[in-house]
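J.: Let me see the structure of the following:
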Amino acid sequence: MSFMQRIPFVVRCCAAVSAMNFLPATVSAAILNVTVKVENLAPANSVSFAPLHVGFHNGTFDSFDSGQAATAPIVSVAEGGSGSAWFPAFAAADPGAGLGTVMGALFPGTSAMNTFMVDTNVNPFFSFATMVIPSNDFFLGNDSPTQYRLFDAGGNLLISSIDQSASQIWDAGSEAFDPAHAAFVVGGNNDLRTPQNGVVSFGFAELSGFNGFSTAAGYVFDSQLTSSTPVYRISFTTAPVPEPSSFVLGGVGFAGIATFRFMQRRRRPKSE
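T.: Reported below is the predicted structural model:
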């Protein structure tokens with residue numbers, strides 16, 4: 001079943017699942033509603049993106065390093081879009097982190113958003129990861145866990161948006177470039193993929209190799225990307241948590257984590 005055919009199932013999962021942690025405390029100024037909006041800025045018929053995986057955290061979880069071999073957490077995003085290993089690894093490294101998803105697929109010219117409750121004193125940093133589609137193992141994400149500090153000690157928003165250009169698209173180096181057997185390509189058979197055994201590096205130029213292929217969204221791919229082409233924007237707005245509040249989030253809703261179950265449909269088990 002194609003990536004696009006699975007999307008209604010994902011929406012149902014995310015609507016049905018709500019696993020939030022509650023605290024018996026009253027609302028403090030440190031706890032805010034944070035709306036995360038994502039926009040696909042790429043040219044028409046160019047790259048799309050899988051759901052955005054987000055983490056509000058204390059700055060300890062590092063999902064990948066440039067120049068190093070990709071490990072399971074980022075491979076689960078880059079090769080399948082699911083984050084099936086990204087979420088558990090994040091939670092293990094930082095049990096107090098708030099994790100969630102902003103839904104996709106995000107086609108050129110479209111946007112999506114989700115709102116999370118965040119304790120800005122506990123989780124002032126922001127991390128993200130999303131698969132670039134079509135691709136074998138391309139993604140967007142932050143190399144350093146402390147690259148994006150969203151909040152200062154007073155809970156004030158420090159960053160209003162994060163813009164990504166084509167030059168910031170990562171190649172995980174885990175799966176060999178093969179347009180005929182990549183995610184989001186009509187007729188592709190990802191079971192025929194080949195391990196690359198490379199390292200994480202920037203590498204958007206290979207995307208032109210998908211030009212002329214039909215995508216699962218129904219358009220014929222045309223990269224049109226140069227190093228400076230804007231492709232993605234993540235923006236943030238905040239609002240106080242409404243009073244009264246006898247229940248306060250101790251993390252972030254985990255409904256988005258259900259997405260990795262359906263995204264595993266294109267992955268067969270492999271050791272990283």
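J.: In the chain, where is pLDDT below threshold?
T.: 1-29, 188-192, 244-272 (pLDDT under 70).
J.: And the helices in the stretch 151-272 of the chain?
T.: Counting by DSSP state H, counting those that start in this stretch, residue ranges of the helices within the stretch 151-272 of the chain are 259-263.
J.: which residue ranges form the strands in it?
T.: Using DSSP state E, counting those that start in this stretch, the strands of the stretch 151-272 of the chain run over 161-165, 170-171, 201-202, 230-240, 248-249.
J.: between those, which one is nearest to Ser135?
T.: Closest to Ser135 of the strands of the stretch 151-272 of the chain is strand 170-171 (C-beta to C-beta; 8.3 Å). Just so you know, the C-beta spots here come from the backbone N, C-alpha and C atoms, and that holds for glycine as well.
J.: Relative to that closest one, what are the paired strands and their orientations?
T.: Applying DSSP bridges, strand 170-171 is found paired with strand 138-141 (antiparallel), strand 201-202 (antiparallel).
J.: Of these, flag the one that's most buried.
T.: strand 138-141 (a mean of 25; mean count of other C-beta atoms under 10 Å).
J.: Now find how far off-centre that strand is within its chain.
T.: In terms of C-alpha atoms, centre = their mean, to the nearest Å, the centre of strand 138-141 is set 8 Å apart from its chain centre.
J.: hmm, who's touching it?
T.: For strand 138-141, contacts defined as C-beta atoms under 8 Å, 6 or more residues apart in numbering pick out 49, 63-64, 74, 77-78, 127-132, 164, 168-172, 203-204, 206-207, 231-232.
J.: List only buried entries from those residues.
T.: 49, 63-64, 74, 77-78, 127-132, 164, 168-172, 203-204, 207, 231-232 (16 or more other C-beta atoms under 10 Å).
J.: What are the buried residues along stretch 135-153?
T.: So for stretch 135-153, counting by 16+ other C-beta under 10 Å, buried means 135-142, 145, 148, 150-151.
J.: Would you indicate which residues of stretch 173-181 are buried?
T.: 173-175, 177-179, 181.
J.: from what I can see Val102 touches Glu39, true?
T.: No - contact between Val102 and Glu39 fails when scored by C-beta atoms under 8 Å: they sit 10.7 Å apart.
J.: All good on my end, thank you.
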